[in-house]
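Engineer: I would like the atomic coordinates for the input below:
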Amino acid sequence: MPDAELAEIIDGLHVIAANIGDVERSALERVGLREHCEP
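Structural biologist: Residues are numbered from 1 along each chain as shown. From the prediction side, this is the model:
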């Protein structure tokens, strides 16, 4: 697999991970638990 292709896949995974993080944050906010989960 060429490096460029691999880099593209990794970029896609970063986008997916960021989206999951956003969904998780908004779900926590809805439940009101965000302040308990922040470091």
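Engineer: gap between the longest helix anywhere in the chain and the chain center?
Structural biologist: Ranked by residue count, the top helix of the chain under DSSP state H comes out as helix 3-31. Its chain's C-alpha centre and that of helix 3-31 lie 3 Å apart, by CA atoms, centre = their mean, to the nearest Å.
Engineer: and that helix, average pLDDT?
Structural biologist: Average pLDDT, helix 3-31: 92.
Engineer: Counting neighbours, show which residues of that helix come out buried.
Structural biologist: Along helix 3-31, no position meets the burial threshold by neighbour count (16 or more other CB atoms under 10 Å). Every residue, glycine included, has its C-beta placed from N, CA and C.
Engineer: From the contact counts, what lies against it?
Structural biologist: helix 34-37 (3 or more CB pairs under 8 Å, 6 or more residues apart in numbering; DSSP states H and E).
Engineer: The helix it packs on - what's its average pLDDT?
Structural biologist: In this model, helix 34-37 has an average pLDDT of 58.
Engineer: switch to numbering from 693
Structural biologist: Sure, I'll start counting at 693 from here, so that last one is helix 726-729.
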